[in-house]
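# Attaching a predicted model along with its sequence, questions to come.
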Amino acid sequence: MKVRLKKLIYEKGKQLPVILDCDVLVCGGGIAGIAAAIAAARNGAKVTLLEREYALGGLATLGLITIYLPMCDGLGHQAEYGLVEELLRLSIKHGAEKDYTELFFNPHSEEERRKGPRMTAQFNPELFALEAEKLLLNLGVNIQYGTLVCGVSKKEGNLIDTVIVENKSERCAIRCKSVIDATGDSYVINYSGANQALYGGDNGLASWYYYLSEGQLNLRMYGLSDVMPGKNQSSNSEDNEIDTVIEGSRRYRGLDGLELSQMITDGHQHMLADMLKHKEKDKNFAPTTMSTIPLLRMTRRIAGEYEMDDTEIRVTMPDSVGTFCDWRKRGPVYELPFRCLYSASVPNLLAAGRNISVTDAMWDITRVIPVCAVNGEAAGTAAAMGDDFTKLDVSALQKQLVKQGVRLHHEDLLK
């Protein structure tokens with residue numbers, strides 16, 4: 001089938017076909033991108049979602065980080081509402097693999113919830129990815145797989161007019177009114193020249209995989225793991241499923257192509273050795289699938305109009321677009337300022353997922369599935385309401401988010 005070229009733009013003197021037009025272009029199909037696309041579509045926007053891989057979910061599915069980390073404050077109160085809960089339920093629609101916390105899905109007292117495990121679940125990555133795709137297709141979202149962001153063109157006011165991409169159609173372009181960067185490594189933010197910041201540390205090596213043994217499917221969290229207090233962290237345990245650090249491994253910045261390939265091959269070889277070690281001990285051991293993307297945590301982010309820090313526990317934010325907790329410990333609850341999602345340097349660009357504007361100390365809290373879903377919903381809702389986020393009516397955005405089930409302030413969690 002021949003593609004009809006609607007228009008042409010120029011990139012460094014070369015003509016590129018504009019293959020699509022949309023209101024909201026979501027770049028990145030991880031949890032934040034999924035939430036953003038859902039929210040924008042439900043609010044009436046024409047949405048295109050770009051994903052460089054060929055399945056949705058990012059680290060949650062292709063990376064096999066199949067743990068929906070806590071959505072409660074550990075003191076008996078759910079801390080995150082809206083799409084974050086809908087996506088949790090979607091992830092375990094066909095049954096949770098492990099750690100399903102029924103305390104928060106059935107009637108229980110606050111005291112029972114306080115004493116019990118936090119609100120979390122382990123899900124099946126394939127089923128979650130396919131169910132998320134089905135949901136987006138039903139909402140009319142145009143999903144473009146195998147598509148890599150390569151640059152942007154801008155118009156007056158430093159607004160992004162077109163995003164340049166590359167896929168099987170070769171180099172081409174997509175015209176849009178607003179863009180949400182949910183790529184994880186802030187590619188649109190970088191190409192657009194928006195204010196940005198790099199993570200002050202490096203990423204540890206990790207390569208997770210699933211295996212069968214005695215008819216039981218198990219997740220091997222091999223390498224830098226999101227380990228909650230109370231979980232077994234001892235690498236000396238014979239039945240241990242968690243190694244927080246791979247012995248002899250190095251750390252990686254995560255933004256250099258050569259280094260990233262080295263990270264993948266390092267991970268593969270360590271993982272192969274780990275598999276063979278387990279196979280020697282267990283004749284029934286059989287690897288079934290492995291993470292297929294780099295397990296990067298923090299690399300590059302937007303430097304937004306506000307930079308949030310982990311010390312701002314239960315601080316009221318006038319422009320809050322959602323609440324979230326600290327997955328690592330009980331107690332802290334935060335309000336997410338809308339100002340963390342954009343920079344005035346590029347007014348029609350929003351960040352979502354682990355790209356938002358936070359300090360390094362806060363980054364480890366906000367990079368996980370639940371917080372990505374919270375800020376993704378906020379970004380998608382805002383993008384459907386306007387294309388200059390420096391002038392957006394934040395009170396109208398907040399009202400719409402509340403209609404969608406989001407709670408804005410930490411006091412609301414006690415209701």
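Arrived safely. Residues are numbered from 1 along each chain as shown.

# longest strand anywhere in this structure?
Assignment by DSSP state E gives strand 14-27 as the longest strand of the chain.

# tell me the angle the following helix or strand past that strand makes with strand 14-27.
Beyond strand 14-27 in the direction of the C-terminus, DSSP states H and E gives the next helix or strand as helix 31-42. Taking axes from the mean of the first three to the mean of the last three C-alpha atoms, to 10 degrees, one finds helix 31-42 and strand 14-27 inclined to each other by 90 degrees.

# Check for me that residue 279 belongs to a helix.
Yes. Using DSSP: H, G, I helix; E, B strand; the rest coil, the secondary structure at residue 279 is a helix.

# How confident was the prediction at it?
In the prediction, the pLDDT value recorded for residue 279 is 95.

# Nearest residue to it in space, please, no chain neighbours.
Beyond its immediate neighbours in the sequence, the residue positioned closest to residue 279 (C-beta to C-beta, 6 or more residues apart in numbering) is residue 285, lying 4.7 Å away. Every C-beta, even on glycine, is put in place using the N, C-alpha and C of the backbone.

# The one you found and residue 219: what is the separation?
Relative to residue 219, residue 285 is positioned 14 Å away (C-beta to C-beta, to the nearest Å).

# With residue 68 instead?
Note on residue 68: its distance to residue 219, by C-beta to C-beta, is 13 Å.

# Name the residues contacting each of these two.
Shared contacts of residue 68 and residue 219, defined by C-beta atoms under 8 Å, 6 or more residues apart in numbering, are found at residue 122.

# for the stretch 101-250 of the chain, what spans make up the strands?
121-122, 142-145, 148-155, 159-167, 170-181, 196-198, 203-204, 209-213, 216-222, 242-243 (DSSP state E, counting those that start in this stretch).

# that older thread, how far does the longest strand of the chain sit from the chain's center?
Remark: strand 14-27 is offset 23 Å from the chain centroid, using C-alpha atoms, centre = their mean, to the nearest Å.

# ditto for stretch 116-136
Relative to where its chain is centred, stretch 116-136 has its mean C-alpha point 13 Å off (C-alpha atoms, centre = their mean).

# Now it: average pLDDT?
If you average the per-residue pLDDT over stretch 116-136, you get 96.

# got the CA positions of stretch 28-35 in CSV?
Output for stretch 28-35, consisting of C-alpha atoms alone and laid out as CSV, is shown next (Å, rounded to 0.1, in the frame of the first residue of the first chain):
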residue,chain,number,x,y,z
GLY,A,28,7.1,6.6,24.8
GLY,A,29,4.7,3.7,25.6
GLY,A,30,5.7,2.9,29.1
ILE,A,31,3.4,3.3,32.1
ALA,A,32,3.5,7.1,32.0
GLY,A,33,2.9,7.1,28.2
ILE,A,34,0.0,4.7,28.5
ALA,A,35,-1.6,6.8,31.3
